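S.K.: Here is the input, now give the coordinates:
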Amino acid sequence: MLKREMIVRMVKTALSLLLVLTFVVGCSSETQTTKKKKKVIKVIVQSDDTASDNGDNNDYDYDSDISDSYTDGREKRPLAEKETDSAQTAVVPEYSVNVTSWNGPDGYIIVYPNGSRSGKAAAEKLQTYFKKYAGVTLSVTDDRSAVKAKEILVGDTNRAKSKLGTNEYAVSVLKEKLFFEGGHFAMVETAVDWFVSLKYAKGKANLVTGKTENFLAVVKKNYEYVWGDEFGGSSLDMAKWCFEDKMAGSNLMPCLRDENVININEGLCKLTAIRYYNAARPAAQYATNSSLCTQDTMGYKYGYLEIRARVPFKQGAWPSFWLVSNKALGNKLIGSNSQSLEYNVEIDVFEVFSSLNTVVPNIHKWYANGDHSMYNSGKRASENFVYEDYATLSNEYHTYGFEWTPEKMIMSVDGKDYMTYDLTKSFDDTDMDGFNKNLFVIFNNFIYVSDAGHTTASNLVNNDGLPFEYFIDYVRLYQIPGVGSLNFAD
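M.R.: Have a look, this model is predicted:
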């Protein structure tokens, strides 16, 4: 009897220890899983297999170099608001994914259309993807090469042609060939961008099917699409963009290039101006992105440039969409800084000067001797665009357009032209030749802080509206065939 009681007590003690150990491990596991949350690109899976984003592209630890808040003697300064699960799940993807068996990429080559610059760039992006995740270096060639059984086809080649609509894209399997197709080369780029954002699994292929509802290959007056970015995938395409300090930061507001202030997800380029603290920069109270631009990648002359964006209209916000000629690809340069004219030009498609409802355009001349003139300087005045209903304006997407011909520049909002600049007449009694030189594109999401210049009591940030979210859905450049120029770094 005594022996039986001892055995029962020993069993009870062991069970108690097991319960305590389970609780401790469970708490530890919960702490580890909630410490760092992933930004997940939601996909629709149409098979028993699953597909997801590549964790090393999107698993960003916001707390790796900055703390949640700190006290500067007046207040605590929180970082940018982190995306919540509810906000993530509200996003409806424009594409679906079906995972299928595939015997690649070993032994495959990547083939793009002969003469297609975008096709080659997309092929090289796939080459990088398979090297990184599959450990295989694939050859890239155009379709003049001999046909092989194992090929990855990028766009319309002499092997296969897409039958998709202009705004549709897909990744499919044709016998053994993996086919990246679209009704337009911009859609082929989009298919590749989403594909390389998905997780690689050996012996499997992620088949993507989608469409961009508002994509047009031709817009008004026969303008045809020549360049742009739909911001698919999970990383910025550095073959199209670069960072420069076209608007310099300050001690209070450094300009950064990390995922706190710029990231690509949900089909958007997200520029976010935030409250900020970094022990290495104790004076900093805010942070925003360095100028996102095409200075090193693309310059053009004449065309119609359009973006669709959600722009912050808040106290202290200074978002902008602008272009300059200095250092634009295709311009003849003297030395390293100035082009072969007595002045450089600046085109402000819009700026929001701490306004709740108004976008302001302008054109400028910047002279080599330091002088400056602008259209809106007394002799003539630009016409601003004012939104009548603006209670929810900072959460709305609108299109902003810039049409440029040898004779004029036209600014528009949602297809409505509201300001036309006559380039045949000077606004400062000097020639207008500078407005016929190549330009490159720039985006900023600035904050009016006291040490950054151009700040007054009326436009100074008051922190209530932060973070300032400038989300760009797409950037698209159209040109009339044979009119103007388009220059790339390569």
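S.K.: Tell me which residues are up against stretch 164-177.
M.R.: The set of residues external to stretch 164-177 that reach it, using CB atoms under 8 Å, 6 or more residues apart in numbering, is 95, 100, 102-104, 149-153, 159-160, 162, 178-184, 187-188, 190-191, 195, 205-217. Just so you know, the C-beta spots here come from the backbone N, C-alpha and C atoms, and that holds for glycine as well.
S.K.: For Ala273, give its distance to Ile262.
M.R.: For Ala273, the distance to Ile262 under the criterion CB to CB, to the nearest Å works out to 10 Å.
S.K.: Likewise for Gly228?
M.R.: Distance, Gly228 to Ile262, by CB to CB: 18 Å.
S.K.: So which of the two has more stuff around it?
M.R.: A side-by-side neighbour count of Gly228 and Ile262, using other CB atoms under 10 Å, places Ile262 first with 22 against 19.
S.K.: if you skip the residues just before and after it, what's nearest to the more buried one?
M.R.: Distances taken as CB to CB, 6 or more residues apart in numbering put Asn289 closest to Ile262, at 4.5 Å, once the chain neighbours are dropped.
S.K.: Name the residues contacting each of Ala273 and Ile262.
M.R.: Asn289.
S.K.: by contact count, what packs against the longest strand along the chain?
M.R.: In the chain, taking DSSP state E as the definition, the longest strand is strand 468-479. Counting contacts by 3 or more CB pairs under 8 Å, 6 or more residues apart in numbering; DSSP states H and E, strand 468-479 packs against strand 223-229, strand 268-275, strand 303-310, strand 317-324, strand 440-447.
S.K.: for those, which one ends up most surrounded?
M.R.: Of all those, strand 440-447 carries the top mean neighbour count, a mean of 26, counting by mean count of other CB atoms under 10 Å.
S.K.: From the contacts of stretch 164-177, keep the buried residues only.
M.R.: Among these, those scoring as buried are 95, 102, 104, 150-153, 160, 162, 178-184, 187-188, 190-191, 195, 205-212, 215-217 (criterion: 16 or more other CB atoms under 10 Å).
S.K.: is the one residue sitting closest to the centre of the chain in a bridge, and if so with what?
M.R.: Ranked by distance to the mean C-alpha position of the chain (CA atoms, centre = their mean), the top residue is Cys269 at 2.8 Å. Beta-bridge pairing of Cys269, defined through DSSP bridges, involves Ile264, Ile472.
S.K.: same question, the one 4 residues further on
M.R.: According to DSSP bridges, the partner residues bridging Ala273 are Phe468.
S.K.: I figured it was touching Phe468, is that so?
M.R.: Yes: in this structure Ala273 lies within contact range of Phe468 using CB atoms under 8 Å: 4.0 Å.
S.K.: any residues in contact with both of these two?
M.R.: Common contact partners of Ala273 and Phe468 (CB under 8 Å, 6+ apart): Thr288, Pro312, Ala317, Asn445, Ile447.
S.K.: Those residues into JSON lines, with extra columns for pLDDT?
M.R.: Converted to JSON lines, those look like this (pLDDT from 0 to 100):
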{"residue": "Thr288", "pLDDT": "98"}
{"residue": "Pro312", "pLDDT": "98"}
{"residue": "Ala317", "pLDDT": "98"}
{"residue": "Asn445", "pLDDT": "98"}
{"residue": "Ile447", "pLDDT": "97"}
